[in-house]
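Participant: Next comes the sequence, and after it the predicted model I'd like to discuss.
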Amino acid sequence: MKNKNIAGVLAIFLGGFGIHKFYMGKIFQGIIYLIFCWTYIPSIIAFIEGIIYLLSNEHNFAVKHRVRLR
């Protein structure tokens with residue numbers, strides 16, 4: 001069970017390292033973020049993802065990311 005607010009905050013603050021992807025169980029994507037963290041591109045993408053996570057409603061978040069919410 002995942003919390004979309006926690007995923008959003010992790011994406012905004014630690015997303016450049018893929019922490020939000022690891023939290024949501026997407027290990028491969030998290031590793032890709034880690035490999036490219038020195039380019040700052042994952043940080044930009046994660047910031048945008050974090051805002052999207054926080055602004056989306058819980059049902060759409062759960063369906064899109066295939067996670068169970070609390």
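Facilitator: Perfect, I can see it now. Bear in mind that the values here come from a model prediction, so they are computed numbers and not experimental data. Residues are numbered from 1 along each chain as shown.

Participant: wait, isn't Ser56 in contact with Lys4?
Facilitator: Yes. Here Ser56 lies in contact with Lys4, judged by CB atoms under 8 Å, at a distance of 7.0 Å. Bear in mind the C-beta positions are built from the backbone N, C-alpha and C, glycine included.

Participant: which of the two has more neighbours?
Facilitator: Lys4 (21 against 16; other CB atoms under 10 Å).

Participant: list the residues that contact both of Ser56 and Lys4?
Facilitator: Here Ser56 and Lys4 share no contacting residue, scored by CB atoms under 8 Å, 6 or more residues apart in numbering.

Participant: In three-state terms, label the residue nearest in space to the middle of the chain for me.
Facilitator: Central residue of the chain (CA atoms, centre = their mean): His20, 3.7 Å from the mean position. When classified by DSSP: H, G, I helix; E, B strand; the rest coil, His20 comes out as helix.

Participant: So it versus His65, what's the distance?
Facilitator: Distance, His20 to His65, by CB to CB, to the nearest Å: 10 Å.

Participant: May I ask which helix or strand of the protein has the lowest mean pLDDT?
Facilitator: Sorting the helices and strands of the chain by mean pLDDT, DSSP states H and E puts helix 58-65 at the bottom, at a mean of 83.

Participant: That one: which residues count as buried?
Facilitator: Neighbour counts over helix 58-65 (16 or more other CB atoms under 10 Å) mark Phe61, His65 as buried.
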